[in-house]
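**Q** Got a predicted structure here, sequence first:
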Amino acid sequence: MPNSSPEPYLDLTDEEVFARISAARAALGGDALVLGHHYQTEAVVRFADVRGDSYELSKKAAGSDARLIVFCGVHFMAESADILTRPEQTVVMPDLDAGCPMADMASLGELESAWVQLAELGRPDELFLPVTYINSRAEVKAFCGLHGGLICTSANAGKALTWALQQRPKTFFLPDQHLGHNTALAQGIPPEEITLWDPVLPLGGNTREALRQARVLLWKGHCHVHTRFSPAHVAQARQAHPGALVVVHPECVHEVVAASDAAGSTGFIVRYIENAPPGSTIIVGTEINLITRLARQYRDRTILPLVSSMCPNMYKNSPRDLLHVLENPGRVNVVRVADEVREPARLALQRMLDL
């Protein structure tokens, strides 16, 4: 469905928009569930019934009886919610143009091409188990489901990688090379057994010998929000704030993770700050909207960004967009995954749940 424009709402004041959102929410009652990702702006997430990371919110959608699921996030998140919900439920987004560049770094065609090339080593489905980060297209999730693989999140990537290597000799991890790299090293995989696959190069830019040696093959993809951070930023933060703790997301490059005190998923970072003692200083390497929200929430702690890094796609969802989908429930900005993609993608998600 094409993105429907909220033009009739552009002349409204912010106060009018907020009042009408509240009125629309009240009118819909339990028929609507508004999900807000941690990276959303405060103006949008304030109206969310549930806040969380992409997987937490998709699980909430799957367990809800609401007929309308409003996912304030980016497109792959709404797709995951649609895959997990029932046919009578409708998933919508405030702005369908809120995509994810990292998810777009791995297409089905590129993945199928990689599988054909890997046949030079033997039967790919006997050698490689595909594992895709939830930050991926529905078609890529479906490919993993059809080839015995599964989906992971940044919170359970370690479990997913361990399981995958118990099933087959090698794992193909996509689309985030840094999450895959950090996870593999944390699971004790030697660096010489971790290899990068560049989809635009023959054999991913590798020799056959390198591919035979590799246990973990990493797709060349990244999150532009988290790759902005560098080891120099960590060093500067420690110099400016002696005694501060540094916590970052595992989508950061390995050198940043290694220089930090802790690394973990968005949910991990939230809990890390929740559990920090009053008076502590925490430097956080993740999306700026979450950091500023946590700083407001925990005023007895000093919470600072490693560097200000914003996700512009998350920022595309505005209160006016939210009002538009609430006042036109199920009629605009619907996200619907095709049945031939939904079922194998659901299978890959179920394998993750079974862990």
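**A** Done, it's in.
**Q** which residues of this protein fall in strands?
**A** Per DSSP state E, the chain carries strands over the ranges 32-37, 50-52, 68-72, 90-92, 128-133, 150-152, 170-174, 194-197, 216-219, 245-248, 262-263, 281-285, 302-305, 334-335.
**Q** Show me which parts of the second one are buried, residue by residue.
**A** Right, the one you point to is strand 50-52. 51-52 (16 or more other C-beta atoms under 10 Å). C-beta here means a position set from N, CA and C on the backbone, and glycine is covered the same way.
**Q** domain ranges for this protein?
**A** 7-99+316-337, 103-223, 230-306 (automatic domain parsing).
**Q** hmm, back to that, mind checking which of the strands of the chain is nearest residue 143?
**A** strand 128-133 (6.6 Å; C-beta to C-beta).
**Q** Could you name the helices and strands sitting against that closest one?
**A** Taking 3 or more C-beta pairs under 8 Å, 6 or more residues apart in numbering; DSSP states H and E as contact, the helices and strands that strand 128-133 lies on are helix 138-146, strand 150-152, helix 157-167, strand 170-174.
**Q** Quick check, central residue of the protein?
**A** By C-alpha atoms, centre = their mean, the chain has its centre lying nearest to residue 135, at 4.2 Å.
**Q** these two touch, right, it and residue 54?
**A** Yes - counting by C-beta atoms under 8 Å, residue 135 touches residue 54, with 7.1 Å between them.
**Q** Identify the contacts common to these two.
**A** Residues touching both residue 135 and residue 54 (C-beta atoms under 8 Å, 6 or more residues apart in numbering): residue 76.
**Q** re earlier: could you export the strands of the chain to CSV, including columns for mean pLDDT and distance to residue 188?
**A** Converted to CSV, the strands of the chain look like this (pLDDT from 0 to 100; distance: least, C-beta to C-beta, whole Å):
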stretch, mean pLDDT, distance to residue 188
strand 32-37, 97, 32
strand 50-52, 94, 30
strand 68-72, 97, 36
strand 90-92, 97, 39
strand 128-133, 98, 17
strand 150-152, 96, 17
strand 170-174, 98, 14
strand 194-197, 98, 11
strand 216-219, 98, 11
strand 245-248, 98, 21
strand 262-263, 98, 16
strand 281-285, 98, 24
strand 302-305, 98, 32
strand 334-335, 98, 39
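**Q** Figure out which of those strands is closest to residue 186.
**A** Residue 186 lies closest, by C-beta to C-beta, to one member of those: strand 262-263, at 8.7 Å.
**Q** Run through the residues that contact residue 43.
**A** Residue 43 makes contacts with 14, 318-319, as judged by C-beta under 8 Å, 6+ apart.
**Q** Could you rerun that using 7 Å?
**A** residue 319 (C-beta atoms under 7 Å, 6 or more residues apart in numbering).
**Q** same thing with residue 47?
**A** Neighbouring residues of residue 47 by C-beta under 7 Å, 6+ apart: 21, 25, 34, 322.
**Q** Please pull out the lowest mean pLDDT helix or strand from this protein.
**A** helix 54-62 (a mean of 86; mean pLDDT, DSSP states H and E).
**Q** picking that back up, so of the contacts of residue 47, which ones are in helices?
**A** Under the assignment DSSP state H, the contacts of residue 47 contribute 21, 25, 322 to helices.
**Q** correct me, but residue 165 touches residue 171?
**A** Yes - with contact defined as C-beta atoms under 7 Å, residue 165 reaches residue 171; the gap is 5.7 Å.
**Q** Looking at the two, which is more packed in?
**A** residue 171 (26 against 18; other C-beta atoms under 10 Å).
**Q** Once you drop chain neighbours, what's closest to the more buried one?
**A** Using C-beta to C-beta, 6 or more residues apart in numbering and skipping the chain neighbours, the partner closest in space to residue 171 is residue 164 (4.3 Å).
**Q** where's that neighbour relative to residue 297, distance?
**A** Look at residue 164 and residue 297: by C-beta to C-beta, to the nearest Å, they are 37 Å apart.
**Q** which of these two has more neighbours?
**A** A count of neighbours by other C-beta under 10 Å puts residue 164 above the other of residue 164 and residue 297, at 23 against 12.
**Q** so what pLDDT did the more buried one get?
**A** pLDDT, residue 164: 97.
**Q** roughly how far out does stretch 193-206 sit from the chain middle?
**A** Stretch 193-206 has its C-alpha centroid displaced from the chain centroid by 23 Å (C-alpha atoms, centre = their mean, to the nearest Å).
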